[in-house]
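[1] What shape does this take:
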Amino acid sequence: MVTQEQRRRQLAREKFLRQQQRRTAARRKSHMRNTVVASVLGVIVVGGVVSYATGVFKNDDKKANAGAEVSPSASAPTKAPDPCAKPAEGAVKSLSWKKEPAMSIDKSADYTMKLATTCGDIDIALKTAAAPHTVNSFDFLASKGFFDHTKCHRLTTNGIYVLQCGDPKGTGTGGPGYTIPDENLKDTTLKGGVYPAGTLAMANQYNAQTKQGRNTGGSQFFLVYQDSQLPADYTPFGTISKSGLTVLKKIAAAGESTGQGDGAPNATAVINKMTVTKS
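    Predicted coordinates:
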């Protein structure tokens, strides 16, 4: 026979056990929630480190360079209207050479380069005397139609402000099969670690931390549409015209695909034809 006092103690003990179970369940739920939050933050942090370590200019066959940090976006990117026309009919040529072409330009002459793009013409005065190997290579490749119908595969709108082109694969891994030396790295326009707006420069595989990858330029290049903080590791070999800068800013205004400041341009930026002309 259970007395009233024993029953009271039993009910109190059962209530205590139920409270303990609820507290244990709450702690387990809180731990699980915190673990999920920590995992998400870990992905964001790792993503930021990868963006930094991957580098600024992915170029010919490899993807390693000095970089600029890109802040992750808090929301999905809003895609602006495409300001460019449809590409001209034609396909990218599959061309490759084993060695740098022989010097055929007149180093003392002036040369200009025209990018007839889907977004407008970009005219560039080349720095022939200061970067003869680079100008000679572009003269050769343009004469072969190497750049025709290639898309500009990368737009950076955060930290540095450049459009990168010149890859026949459109992935950041293509090139002409040969490399050319770095040139003109002491150009007087590169002051205070800045590549000024209007600069045309070469991409390469140089890694500033390991000091490896000099003289690895190929066919990929970048066009600076706004002053950009960069070390003087990339051959500057041309100056973009004012009208060309207007075209670049139009492309930049349409944004890039990731919303994080570094990705494929939303604009259909394709080089219909590139020409290099002796003036």
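
[2] how about the strands in this protein?
    Ranges of strands within the chain are 111-117, 120-126, 150-151, 154-156, 162-165, 194-195, 199-202, 221-224, 228-229, 236-240, 262-263, 270-278, based on DSSP state E.

[3] TSV please, covering the ones you listed and showing distance to R214 and mean pLDDT.
    Placement of C-beta: from N, CA and C, glycine included. Formatted as TSV, these follow (distance: least, Cβ to Cβ, whole Å; pLDDT from 0 to 100):
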stretch	distance to R214	mean pLDDT
strand 111-117	24	98
strand 120-126	22	98
strand 150-151	26	98
strand 154-156	22	98
strand 162-165	20	98
strand 194-195	18	98
strand 199-202	12	98
strand 221-224	17	98
strand 228-229	21	98
strand 236-240	16	98
strand 262-263	24	98
strand 270-278	25	98
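
[4] right, and the ones you listed - which one's nearest K98?
    K98 lies closest, by Cβ to Cβ, to one member of the strands of the chain: strand 199-202, at 19.9 Å.

[5] what helices or strands is that closest one leaning on?
    strand 221-224, strand 236-240 (3 or more Cβ pairs under 8 Å, 6 or more residues apart in numbering; DSSP states H and E).

[6] Any chance of CSV for these, columns distance to Q260?
    Putting those into CSV (distance: least, Cβ to Cβ, whole Å) gives the following:
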stretch, distance to Q260
strand 221-224, 18
strand 236-240, 25
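
[7] So which of those is nearest A131?
    strand 236-240 (3.9 Å).

[8] the inter-axis angle of that closest one versus strand 120-126?
    Calculated by axes from the mean of the first three to the mean of the last three Cα atoms, to 10 degrees, strand 236-240 forms an angle of 130 degrees with strand 120-126.

[9] i'd like the first residue to be 371 from this point on
    With the count now opening at 371, the last piece we talked about shows up as strand 606-610.

[10] Quick one: residues in contact with strand 606-610.
    For strand 606-610, the surrounding residues in contact (Cβ atoms under 8 Å, 6 or more residues apart in numbering) are 483, 492-497, 500-501, 504-505, 508, 553-555, 557, 559-560, 565, 568-572, 593-594, 618.

[11] Repeat the analysis, applying 6 Å as the threshold.
    494-497, 501, 504, 554, 557, 568-571 (Cβ atoms under 6 Å, 6 or more residues apart in numbering).

[12] just the residues you listed now: which is nearest S474?
    The shortest gap between S474 and any of the contacts of strand 606-610 belongs to T504, at 13.6 Å (Cβ to Cβ).
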